[in-house]
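J.: I'll drop the sequence and a predicted model, then ask my questions.
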Amino acid sequence: MFFESGFGSGSDETWKSLSEKLSQTNRVCYYDRLGYGGSDDIAPDFSTDDKSMVQQAILTHVAADQPVIVVGHSYGGILARRTLHRALNNTGEVANLNIAGLILVDSAHENQHEILRGKLDPIPAEVEQKAYWTAWFGVDDILAMFRPGVEEGEVDSSAYYVSLRWAHVLSTYVREKGNYTPLDEFDYDFGDLPMIVLSHDDKAYEGNPRFEGVGPLWTALQEELAALSDNSEIRVVEGATHDIPADAPSAVIQAVEDMLIKVAPE
């Protein structure tokens, strides 16, 4: 199974505890997307399509033609859908991928910035603050020093570019937030591919002015994503905010375990 993080989320922060539990019986993979954690810096024009192609390359490397379940949180869901679309339509090398199931964890939607315009600030204050303090103190590179397989010299050299890295991450988001290709232009059709869509609980945001009036619109977006497959289900994760992996890791684990049953050979 392959985990893709959302925007502004570290892979260890999002998936480490989940992967430790799931890896006892399964092969689990997650990574630092370019511009995050211990990975290399990204160019200012590095697009969503580029990120999806990197995801494709990693999936091909770690899974080859073996069946894989892809789990995408938030922005990671957009990347997962683009890769899956190429796989199902036999486009290029990605045709060799065997994506057996897709789990979307409160996934971002291609049309969300148009639909939520004026109702939801696309960059939460906590993400901006995290970007600032990470750049100032080099938090990601400090954490990278304790990860296996990272040489001391690599950490030292990358530390010089922490602020630039986060500047690229934020500028890419700002640039792309108004230019996501509308969902209907992709002509996505995932057939009967097993899909589970996890959605946050609107009640978790009661009293939060930033999310006032957003709930019904977000629910409709999640329903639209679920409709991409004839074999999908939506689960509202009780008490969870958008950060479902942190708020309700058991819900993600349960979704993975249920998906394993769905895709198991008969």
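T.: Arrived safely.
J.: Do a quick rundown of the helices in the protein.
T.: 11-22, 48-63, 75-88, 112-115, 125-137, 139-144, 152-159, 162-177, 183-186, 215-226, 244-247, 249-263 (DSSP state H).
J.: lowest average confidence, helix or strand, in this protein?
T.: Ranked by mean pLDDT, DSSP states H and E, the weakest helix or strand in the chain is helix 152-159, scoring a mean of 45.
J.: which residues does Val105 bridge with?
T.: His73, Leu198 (DSSP bridges).
J.: and it, what does it touch?
T.: Shown in contact with Val105 (CB atoms under 8 Å, 6 or more residues apart in numbering): 71-74, 76-77, 198, 244-245, 252. Placement of C-beta: from N, CA and C, glycine included.
J.: I'd like those as CSV, with neighbour count appended.
T.: Formatted as CSV, those follow (neighbours: other CB atoms under 10 Å):
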residue, neighbour count
Val71, 29
Gly72, 26
His73, 27
Ser74, 22
Gly76, 27
Gly77, 26
Leu198, 25
Ile244, 24
Pro245, 27
Val252, 27
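J.: can you put those residues in JSON lines and add pLDDT and distance to Asn111?
T.: Written out in JSON lines, the entries for those read as follows (pLDDT from 0 to 100; distance: CB to CB, whole Å):
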{"residue": "Val71", "pLDDT": "98", "distance to Asn111": "22"}
{"residue": "Gly72", "pLDDT": "96", "distance to Asn111": "17"}
{"residue": "His73", "pLDDT": "95", "distance to Asn111": "19"}
{"residue": "Ser74", "pLDDT": "90", "distance to Asn111": "15"}
{"residue": "Gly76", "pLDDT": "92", "distance to Asn111": "17"}
{"residue": "Gly77", "pLDDT": "94", "distance to Asn111": "13"}
{"residue": "Leu198", "pLDDT": "98", "distance to Asn111": "19"}
{"residue": "Ile244", "pLDDT": "96", "distance to Asn111": "21"}
{"residue": "Pro245", "pLDDT": "95", "distance to Asn111": "24"}
{"residue": "Val252", "pLDDT": "97", "distance to Asn111": "25"}
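J.: Return the member of the residues you listed nearest to Asp12.
T.: Nearest to Asp12 out of the contacts of Val105 is Pro245 (CB to CB; 11.5 Å).
J.: distance of Gly215 from Pro194?
T.: Applying CB to CB, to the nearest Å, the value for Gly215 to Pro194 is 27 Å.
J.: pLDDT below threshold where in the stretch 151-266 of the chain?
T.: Scanning the stretch 151-266 of the chain with the threshold set as pLDDT under 70 gives 151-186, 212.
J.: now do 50
T.: 152-164, 166, 177-179 (pLDDT under 50).
J.: count of neighbours near Arg27?
T.: Arg27 is flanked by 12 other residues according to other CB atoms under 10 Å.
J.: Not counting its neighbours along the chain, what's nearest it?
T.: Met1 (7.3 Å; CB to CB, 6 or more residues apart in numbering).
J.: Just want the phi and psi numbers for His200.
T.: phi -70, psi 170 (degrees, to the nearest 10).
J.: Pretty sure it sits against Pro245.
T.: No: applying CB atoms under 8 Å as the test, His200 and Pro245 come out as separate, 11.3 Å apart.
J.: about what we covered before: so for Gly215 and Pro194, which residue has more residues nearby?
T.: Between Gly215 and Pro194, counted using other CB under 10 Å, the more crowded position is Pro194 (19 against 16).
J.: wait, what's in contact with the more buried one?
T.: 100-102, 229, 231-232, 259, 262-263.
J.: at 7 Å instead, please
T.: By CB atoms under 7 Å, 6 or more residues apart in numbering, Pro194 lies in contact with 101, 231, 259, 262-263.
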